[in-house]
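K.L.:
after the sequence you'll find the predicted model.
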Amino acid sequence: MSVHRKEAGTRSPAYGLPLDKINVADPELFRSYTFWPYFERLRAEDPVHLCPESDYGPYWSVTKYNDIMAVDTNHQVFSSEASLGGITIRNQQQDFPLPMFIAMDPPKHDKQRKVVSPIVAPENLERLEGTIRERAGKILDELPRGETFDWVDRVSIELTTQMLATLFDFPFEERRKLTRWSDVATAIPASGGIIETEQQKREELLECAAYFTRLWNERVNAEPKGDLISMMAHSDVTRNMPPQEYLGNVILLIVGGNDTTRNSISGGVVALNENPGEYAKLRDNPGLIPSMVPEIIRWQTPLAHMRRTALADTELRGKKIRKGDKVIMWYVSGNRDEEAIENPNAFIIDRARPRQHLSFGFGIHRCVGNRLAEMQLRIVWEEILKRFKTIEVMGEPERVYSSFVKGYVNLPVRIAA
């Protein structure tokens, strides 16, 4: 089983630590891909776990499927509100707040979400399908044969960024700006990283704000159209948003439309390479793609966690959570919970219930673009199978330094000549 291959033959340090010293939010565990045994231990020994000290302050980890659902569907007690810290373990900077509808509670959340949700309505997805297929085909046809290249850059980023440019009606030739802003928005400042300081992050996000403000001003003075900016500019609910809130919602839509799909496109290639029996099964029966897609999304879990803040004293599995406490729902762990999902560490493309996963969240904050993400993955795999027998992974992928975005910086692959 490849899931613990880094630990093969050695006992993971996860089992040598006192429980209160386990800090699953350490981004290095995700970059080095050594986090699995830590979550395994928490699910078994302390499913609602207090980490008393971390770079993010004290926080609770909720690691089992049903407990995560209980938190995710109870917004009366567990708040997403940006002013309380928002939806990631790193608090929203209070001196540079970016309110966005995913980091709001009802009723404001519901009203703003409703403004943009028509873009992923079934009839619009039907209209987009041909565009996605044409682009995916072109991207795949231009890939080199018989030489190693980076799948993340050439395929995963390119496909999702083209899609984002379409959803925003963003200048197509400048679409890589969207990729950059998405990466910057979720990056942890570190020397040699995507960004070095919080100041640099802020400056780049202000460039994003200026660019999107220009687009807003063009759209608000034109006839309403079907792109996301026009939808927000012409809706009574969002047309008077303060600038920071507009930027927050733009960032949310960029990250939501980019990171999840892009890392699942790469994750599928990794999963199939680690499970050659499943790859053979797929080649023999491309009809399995619709059930493989949600299995990729479960197996990858492109966002490792979402965070809530307790609005009142409460109890979960007998643990007393205090008002103001930070509660982290580890989707990445819930998706490997053996009590909820049969044989969860295995990648099985014809699972009986492949949609039983937490990657899109539950309740009012369930991912608004989940059907679009699935459609993009389905199409890309349909087009891959028409063209290539195998996409071979040529080395260990480089993973993102983050305990929020669970993704790939680089994935070296080769397609046989």
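P.N.:
Ah, there it is.
K.L.:
point out where the stretch 1-150 of the chain drops to low pLDDT.
P.N.:
Along the stretch 1-150 of the chain, segments meeting pLDDT under 70 span 1-10, 94-95.
K.L.:
hmm, try it at 90
P.N.:
Regions of the stretch 1-150 of the chain meeting the criterion pLDDT under 90 cover residues 1-12, 82, 90-104, 116, 119-121, 124.
K.L.:
can you pull out the strands in the protein?
P.N.:
Assigned by DSSP state E, the chain shows strands spanning 48-51, 59-62, 78-79, 148-150, 305-310, 314-316, 319-321, 326-330, 391-393, 398-399, 408-410, 412-415.
K.L.:
outside of the third one, which residues touch it?
P.N.:
Contacts with strand 78-79, where a contact means Cβ atoms under 8 Å, 6 or more residues apart in numbering, come from Val71, Asp72, Asp105, Arg308, Thr309, Ala310, Leu311, Val327. Backbone N, C-alpha and C define where each C-beta goes, glycine included.
K.L.:
what about the helices in the stretch 1-150 of the chain?
P.N.:
Assignment of helices within the stretch 1-150 of the chain using DSSP state H, counting those that start in this stretch yields the ranges 27-31, 36-45, 65-72, 108-116, 122-141.
K.L.:
can you lay out the ones you listed as CSV showing distance to Ser333 and mean neighbour count?
P.N.:
Compiled in CSV, those are given as follows (distance: least, Cβ to Cβ, whole Å; neighbours: other Cβ atoms under 10 Å):
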stretch, distance to Ser333, mean neighbour count
helix 27-31, 12, 18
helix 36-45, 4, 19
helix 65-72, 8, 20
helix 108-116, 25, 17
helix 122-141, 31, 14
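K.L.:
Serialize the ones you listed to TSV and add fields for distance to His357.
P.N.:
Written out in TSV, the entries for these read as follows (distance: least, Cβ to Cβ, whole Å):
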stretch	distance to His357
helix 27-31	19
helix 36-45	15
helix 65-72	9
helix 108-116	21
helix 122-141	20
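K.L.:
for Ile364, find the nearest of these.
P.N.:
Distances from Ile364 to each of the helices of the stretch 1-150 of the chain were compared using Cβ to Cβ; the minimum, 6.5 Å, belongs to helix 108-116.
K.L.:
tell me which residues are up against the closest one.
P.N.:
Here helix 108-116 makes contact (Cβ under 8 Å, 6+ apart) with 80, 101-102, 104, 228, 231-232, 235, 237-238, 249, 253, 364-365, 368.
K.L.:
hmm, back to that, so for Asp259, which of the strands of the chain sits nearest?
P.N.:
It is, among those and with distance given as Cβ to Cβ, strand 408-410, at 10.6 Å.
K.L.:
from the chain's centre, how far out does the closest one sit?
P.N.:
Here the centre of mass of C-alpha atoms in strand 408-410, compared against the chain's by Cα atoms, centre = their mean, to the nearest Å, lies 14 Å away.
K.L.:
could you say what helices and strands that strand packs with?
P.N.:
Counting contacts by 3 or more Cβ pairs under 8 Å, 6 or more residues apart in numbering; DSSP states H and E, strand 408-410 packs against helix 243-274, strand 398-399.
K.L.:
in a markdown table: the strands of the chain, plus distance to Arg336.
P.N.:
Compiled in a markdown table, the strands of the chain are given as follows (distance: least, Cβ to Cβ, whole Å):
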| stretch | distance to Arg336 |
| --- | --- |
| strand 48-51 | 16 |
| strand 59-62 | 14 |
| strand 78-79 | 22 |
| strand 148-150 | 28 |
| strand 305-310 | 14 |
| strand 314-316 | 20 |
| strand 319-321 | 21 |
| strand 326-330 | 10 |
| strand 391-393 | 21 |
| strand 398-399 | 17 |
| strand 408-410 | 19 |
| strand 412-415 | 25 |
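K.L.:
and Asn23, which of those strands is closest to it?
P.N.:
Among those, strand 48-51 comes nearest to Asn23, with 5.1 Å by Cβ to Cβ.
K.L.:
in its sheet, what does that closest one sit against?
P.N.:
When pairs are called by DSSP bridges, strand 48-51 turns out to pair with strand 59-62 (antiparallel).
K.L.:
residues in contact with the closest residue to Leu253 other than its chain neighbours?
P.N.:
For Leu253, the nearest residue in space outside its immediate sequence neighbours is Leu228; the separation is 5.8 Å by Cβ to Cβ, 6 or more residues apart in numbering. For Leu228, the residues meeting the contact criterion (Cβ under 8 Å, 6+ apart) are Val116, Ile119, Leu167, Phe168, Leu253.
K.L.:
next one: Thr160
P.N.:
For Thr160, the contacting residues are Gly257, Asn258, Thr261, Arg262, Ile265, Gln376, by Cβ under 8 Å, 6+ apart.
K.L.:
wait, isn't the fifth one in contact with Leu377?
P.N.:
Going back to what we said before, that points to Ile265. Yes: between Ile265 and Leu377 there is a contact under Cβ atoms under 8 Å: 6.5 Å.
K.L.:
who has more neighbours, the two?
P.N.:
Neighbours around Ile265 and Leu377, counted as other Cβ atoms under 10 Å, are more numerous at Ile265. The numbers are 29 against 24.
K.L.:
I appreciate the help and will end here.
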